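Trainee: sequence-free structure coming up:
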């Protein structure tokens, strides 16, 4: 988990994380899935699936931040909220081989930003 300086004036805290995004083939489509957020999307190619995932991620984060449910949603997904000395979040890092019976086509890290 990497923390970078806050450069966004809209939010009090801005935290950065690298999370696993798995891309695998399902029929004629590619599925992109982030276990730490239980968020997925799809496309006709790996690149398409990742681009679609990025859009889904942006909508997901905007929604939970606007509703003021960031802590609640992240806790329900297994994240740990730490209040030392500034609030920060620790994401879960599940074992990907236990989640997927089929071998992932591609596993990459997505840099995400969590605003509080």
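Mentor: Yes, it's here. Computed from a prediction, not measured in an experiment: that's the story for all the values here.

Trainee: next helix or strand past the longest helix along the chain?
Mentor: Longest helix in the chain, counting residues (DSSP state H): helix 46-66. Downstream of helix 46-66, the next assigned helix or strand under DSSP states H and E is helix 70-76.

Trainee: this structure: strands as residue ranges?
Mentor: 14-26, 29-34, 39-43, 80-84, 86-90, 106-115 (DSSP state E).

Trainee: okay, those in CSV with distance to residue 70, mean neighbour count and mean pLDDT next?
Mentor: No exception for glycine: its C-beta is placed from N, CA and C like everyone else's. Listed next are the strands of the chain as CSV, based on distance: least, Cβ to Cβ, whole Å; neighbours: other Cβ atoms under 10 Å; pLDDT from 0 to 100:
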stretch, distance to residue 70, mean neighbour count, mean pLDDT
strand 14-26, 11, 18, 84
strand 29-34, 16, 20, 93
strand 39-43, 14, 18, 96
strand 80-84, 9, 10, 84
strand 86-90, 9, 15, 84
strand 106-115, 7, 14, 69
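
Trainee: out of the ones you listed, nearest to residue 61?
Mentor: Closest approach to residue 61 among these (Cβ to Cβ): strand 106-115, 7.4 Å.

Trainee: give me the contact list for that closest one.
Mentor: Strand 106-115 has contacts (Cβ atoms under 8 Å, 6 or more residues apart in numbering) with 8, 10-11, 13-24, 34, 46, 50, 53-54, 57, 61, 65, 70, 74, 89, 96.

Trainee: can you rerun that using 6 Å?
Mentor: Applying Cβ atoms under 6 Å, 6 or more residues apart in numbering, the contact partners of strand 106-115 are 11, 14-23, 46, 65, 89.

Trainee: okay, now the sheet partners of that strand, with direction.
Mentor: In the sheet, strand 106-115 lines up against strand 14-26 (antiparallel) (DSSP bridges).

Trainee: mind checking how far the strand it pairs with is from the chain centre?
Mentor: Here the centre of strand 14-26 is set off from its chain's centre by 5 Å, with Cα atoms, centre = their mean, to the nearest Å.
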